[in-house]
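Novice: just to be clear, the model below is a prediction. Sequence and coordinates:
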Amino acid sequence: MDELQRVKQEVVEALRHEEADEGLYFSNLYELHEEDERSPVSGEISVIEQAVKELVSEGRVTIRDDEGAVVLSLVK
């Protein structure tokens, strides 16, 4: 599995976590808070961005704007 595919899988896993029930800010994919139980998405920001773009174009992830911040959710 190449890096992009691995990162896409990690993004989906993060968005499936119960903590992401209402979505996650893009930065919360790789910057976790102490209380977060999910694993971070590992990789360079540019690769994470590309993974998210591909997941959106595949119809697996949606993006919404929350007062200027990007929020990601799995398509249900």
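Specialist: That came through, no problem.

Novice: measure residue 69 to residue 36 for me?
Specialist: As judged by C-beta to C-beta, to the nearest Å, residue 69 and residue 36 stand 17 Å apart. The C-beta positions use only the backbone N, C-alpha and C, and glycine is treated the same way.

Novice: neighbour count: those two, which is higher?
Specialist: With neighbours defined as other C-beta atoms under 10 Å, residue 69 and residue 36 compare such that residue 36 has more, 15 against 11.

Novice: spatially nearest residue to the more buried one (excluding sequence neighbours)?
Specialist: residue 19 (6.3 Å; C-beta to C-beta, 6 or more residues apart in numbering).

Novice: show me the contacts for that neighbour.
Specialist: By C-beta atoms under 8 Å, 6 or more residues apart in numbering, the residues touching residue 19 are 36-38.

Novice: if I look at the residue sitting nearest the centre point of the chain, how far off is residue 44?
Specialist: Most central in the chain under C-alpha atoms, centre = their mean is residue 11, positioned 4.0 Å from the mean C-alpha point. Computed as C-beta to C-beta, the residue 11 to residue 44 distance reads 14 Å.

Novice: cool, residue 24 as well?
Specialist: From residue 24 to residue 44 the distance is 18 Å (C-beta to C-beta).

Novice: touching, residue 54 and residue 9? I think so.
Specialist: No - the criterion here is C-beta atoms under 8 Å, and residue 54 misses it with residue 9 at 11.6 Å.
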